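Peer 1: just a sequence and a predicted model for now, questions to come.
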Amino acid sequence: MDPSARVYSRFNLRLYDILVLVVSNSWAWRCSTTSVLLPFFRKNLGTTAHMDVGVGSGYYLAKSARAMVDTESVTLLDLNQAALNVASARIRQVGYQGTVDTVEHNVFRLLPDDLHGRFDAVSLMYVLHCLPGRMNEKGPKVFANLSAALKPDAVLYGSTILGRGPEVSHNWFGKWLMGLYNRKGIFDNTEDTLDDLKQVLRVHFEDVDIKMVGVVAIFEVRRPRVG
Ligand SMILES: C[S@@+](CC[C@H](N)C(=O)[O-])C[C@H]1O[C@@H](n2cnc3c(N)ncnc32)[C@H](O)[C@@H]1O
């Protein structure tokens with residue numbers, strides 16, 4: 001397994017919410033989990049079928065259980081079985097009543113046929129910056145694969161920490177964390193820019209909405225281009 005997925009052991013997932021969602025999001029990436037990312041995640045939840053890609057600790061889905069009363073099924077897709085186990089248990093614990101499916105899968109590979117055209121929303125929170133390769137290499141593969149899961153008019157949305165560019169100004173803490181995580185292979189985003197992300201999204205989708213909060217790009221795309 002690539003280090004970008006291997007690091008999410010059961011033990012590390014216990015620390016994830018505090019280290020990433022509280023400390024790093026507030027002080028390094030300057031994009032609040034509770035006032036920016038969680039409301040954004042909830043706003044786009046699938047009305048009947050939702051797929052969350054790169055589930056981590058399952059925080060966003062677990063905090064959205066009340067908003068998912070009408071969501072009949074949630075599919076969790078991740079390369080790391082520990083993350084799938086932790087996230088699915090957590091969603092159940094908070095009382096989500098719908099179907100929870102888990103799929104151990106690499107986003108760089110074509111999706112299994114039974115996931116094609118099934119979802120009205122697919123979320124991809126904090127996954128792109130972990131994936132190896134430059135944005136113009138990893139982005140097209142991931143967006144082509146995930147587009148296949150969307151129903152007509154469905155949304156694919158997510159967030160990613162960018163590495164550089166005129167819109168991206170890292171503070172000392174962010175620079176230090178970025179350096180550490182990139183050296184360890186947990187992130188591969190030093191060359192990720194807003195322009196490259198926009199370009200990849202516009203090649204793959206007709207409808208693209210993207211904004212920056214701190215050093216995080218937040219995107220929402222619809223209507224995959226065919227061919
Ligand atoms: C930084 S965590 C994001 C967790 C959560 N979405 C959040 O925003 O808090 C990245 C997740 O992506 C998963 N991941 C990394 N590489 C992957 C790949 N190639 N295919 C599928 N999942 C992958 C990891 O196992 C991990 O669960």
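Peer 2: Thanks, I have it. Fair warning: this is a prediction, and the values are worked out from it, not measured in the lab. Residues are numbered from 1 along each chain as shown.
Peer 1: and the closest residue to the ligand within the chain, what does it touch?
Peer 2: Relative to the ligand, the nearest point of the chain is G56 (2.4 Å; Cβ to the nearest ligand atom). Placement of C-beta: from N, CA and C, glycine included. Going by Cβ atoms under 8 Å, 6 or more residues apart in numbering, G56 touches Y8, L13, Y16, V20, A83, A87, M125, Y126.
Peer 1: any idea whether the first one is helix, strand or coil?
Peer 2: Under the three-state scheme (DSSP: H, G, I helix; E, B strand; the rest coil), Y8 adopts coil.
Peer 1: how about the helix or strand of the chain with the lowest mean pLDDT against the ligand, any contact?
Peer 2: When the helices and strands of the chain are compared on mean pLDDT, DSSP states H and E, helix 3-6 comes out lowest with a mean of 75. Yes. Judged by Cβ under 6 Å from any ligand atom, helix 3-6 and the ligand are in contact via S4, A5.
Peer 1: just the C-alphas of that helix, formatted as CSV.
Peer 2: Extracted as CSV, the C-alpha positions of helix 3-6 are listed here (Å, rounded to 0.1, in the frame of the first residue of the first chain):
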residue,chain,number,x,y,z
PRO,A,3,2.3,5.6,2.3
SER,A,4,-0.6,8.0,1.5
ALA,A,5,-3.0,5.3,2.6
ARG,A,6,-0.8,3.1,4.9
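Peer 1: is stretch 104-119 anywhere near the ligand?
Peer 2: Yes. On the criterion Cβ under 6 Å from any ligand atom, stretch 104-119 is in touch with the ligand at N106, V107, F108.
Peer 1: does L13 touch Y59 like I think?
Peer 2: No. Using Cβ atoms under 8 Å, L13 is not in contact with Y59, being 9.8 Å away.
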